[in-house]
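>>> coords below, sequence missing:
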């Protein structure tokens, strides 16, 4: 008697693919699919913008509104400069976490310059949707925070941390730790804390040194900038050495 039952191929089995047992496959897919797509789009390096998702340029009462405008202007300047480099492929592509606020501002600045930009979104209980300024072919969605953070930093030659909350602090401190511990070479990544007054209030770096929690040279991992003009001039010098 002819067998009419055709078993389902494992990777077509949605119940299995969404199971706890298949979690390693899902994790691996969030490593390999972005790798494949970034290579196909010839993205060699990025400039990562971090910052608050709550920055709203229309909210005149919010102290974060200024930083939205500054992030857009800085991304515009960086993207305009990077486009003129005309490398084989794309260097110093603006990259963000893909959401609103500072992330939207940076993607918006890159779009205004006529450049491509990356958005690496994360699925959350309170859904965060990709902003409208990400290049569609460079729009990513992640389930796992750690795979998203891997790709946010993997191709970065500079990280610019604008004022933000827990998420920004998490991403910034992890980046500082990677450089401090030598997992990323200090000369391979430039870190800018944008808005010196904000960051000195939020993190008392001198106290960390005084208490012996970090070494004096650990505060040399990053630099402060507080205007788009000065940040652009500093980053342009730094990034030229990383081509």
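Perfect, thanks for sending it. Nothing here was measured: the structure is a model prediction, and the numbers come from that model.
>>> neighbouring contacts of the least confident helix or strand in the chain by mean pLDDT?
The helix or strand of the chain with the poorest confidence is helix 14-17; it has a mean of 88 (mean pLDDT, DSSP states H and E). Helix 14-17 is contacted by residues 10, 11, 22, 25, 26 when judged by C-beta atoms under 8 Å, 6 or more residues apart in numbering. Heads up, the C-betas are built off the backbone N, CA and C, glycines and all.
>>> grab the nearest non-local neighbour of the second one.
Distances taken as C-beta to C-beta, 6 or more residues apart in numbering put residue 17 closest to residue 11, at 6.6 Å, once the chain neighbours are dropped.
>>> and that neighbour, how many neighbours does it have?
Residue 17 has 15 neighbouring residues, counting by other C-beta atoms under 10 Å.
>>> for residue 46, what are phi and psi?
Residue 46 adopts backbone torsions of phi -140, psi 160, taken as degrees, to the nearest 10.
>>> do you know the pLDDT at the nearest residue to it once chain neighbours are set aside?
Excluding its sequence neighbours, the residue lying closest to residue 46 (C-beta to C-beta, 6+ apart) is residue 95, at 4.0 Å. Note on residue 95: pLDDT of 98.
>>> all helices for this protein, in order.
14-17, 23-40, 65-85, 102-112, 145-154, 166-180, 196-202, 205-210, 228-240 (DSSP state H).
>>> buried deepest among those, which one?
helix 102-112 (a mean of 27; mean count of other C-beta atoms under 10 Å).
>>> now do it against helix 65-85, angle only.
40 degrees (axes from the mean of the first three to the mean of the last three C-alpha atoms, to 10 degrees).
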